[in-house]
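Peer 1: Dropping a prediction and its sequence here:
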Amino acid sequence: MYKMDYYICDDIVYFMKQILKPLSDFDEIITNSKIKVLDFSRCESNPDIKGIPLNIIKLLFGKYFNQPLTNLPNSIQEIDISRSQEFNYPLYNLPSNLSVLKLSINYSQKLDNLPESLKNLELGFEYNKPLENLPSGLTTLKTTGRFNQPLINLPNQLKNLELSDCYEQTISDLPLSLKSLLICFNVSRPELIEPLPKNLEILTVFNFRNNLQLEFIPNSLKKIIATNSIITNKEELEEKLPGLEIEYKEIYGDE
């Protein structure tokens, strides 16, 4: 069904262009219990989101979104503000069932009050503050852009970790639960890699041109993904781990 301000497809509402009235005025949305997702990513304005229905589980915001995320229903499991270029409000009293949070490009507030329900956290490009009080059940952490803080006391349930090309801290004392690790290099700095977790299964290296030290590679490793990279001791790695799969990828531009 098409409207001037939005259209509905299955259980998703896609808002279009400028939204000039509050969400609570859209009766068809407020009263439709089948709707689960509100997608504001195409909005060319800062939408008024007061009155989000209790059946909504996912929110996606666009470039101009810039208002506090307060008084949201606890039904919401995912919030994606990664497209916003303006949002930088403190995050507190987020929904108690929130599982996925993707932060805005310029977000720089300290993250001290995230809900314990959170499983997946993706930082914005400008974020560069210590991560000291992450939820204990967090399983995926993705850093991007400028993040370059020591990773201390990461959650013991963390399974997936991605580090950006600005990360120049020593990589050590990672949780034993870690299964997948992505490391980006802007220069060859193999000394940054200390012994990796003994249960690690997938290692992705980006812009890497050097040897991977054998003593730092766990016997559990099943796959290395070398993106825009050259691993110069490939044969030695395969000899140490006969079942190891090494996959080479090339990515250019914005792919």
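Peer 2: Sure thing, it's come through. Small disclaimer: the values here were computed from a predicted structure and weren't measured.

Peer 1: just the helices in the stretch 1-150 of the chain please.
Peer 2: Read by DSSP state H, counting those that start in this stretch, the stretch 1-150 of the chain holds these helices, from start to end of the chain: 27-30.

Peer 1: Low-confidence regions, it specifically.
Peer 2: 1-4 (pLDDT under 70).

Peer 1: Now do the strands in it.
Peer 2: 6-9, 12-15, 37-40, 58-61, 78-80, 100-102, 120-122, 140-142 (DSSP state E, counting those that start in this stretch).

Peer 1: what pairs with the fifth one, and is each one parallel or antiparallel?
Peer 2: Paired with strand 78-80 in the same sheet, following DSSP bridges, are strand 58-61 (parallel), strand 100-102 (parallel).

Peer 1: And the contacts of it?
Peer 2: The contact list for strand 78-80 (Cβ atoms under 8 Å, 6 or more residues apart in numbering) reads 41, 57-61, 69, 72, 94, 98-102. Quick note: C-beta positions are derived from backbone N, CA and C, even for glycine.

Peer 1: show me what contacts Q109?
Peer 2: Q109 neighbours (Cβ under 8 Å, 6+ apart): 88-91, 129.

Peer 1: Among those residues, list the two that are farthest apart in space.
Peer 2: Within those, Y89 and K129 form the most distant pair, 15.0 Å apart (Cβ to Cβ).

Peer 1: Take the contacts of Q109 and lay them out in a markdown table including neighbour count and distance to S172.
Peer 2: Shown next, in a markdown table, are those (neighbours: other Cβ atoms under 10 Å; distance: Cβ to Cβ, whole Å):
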| residue | neighbour count | distance to S172 |
| --- | --- | --- |
| N88 | 16 | 31 |
| Y89 | 15 | 34 |
| P90 | 13 | 31 |
| L91 | 22 | 29 |
| K129 | 14 | 20 |
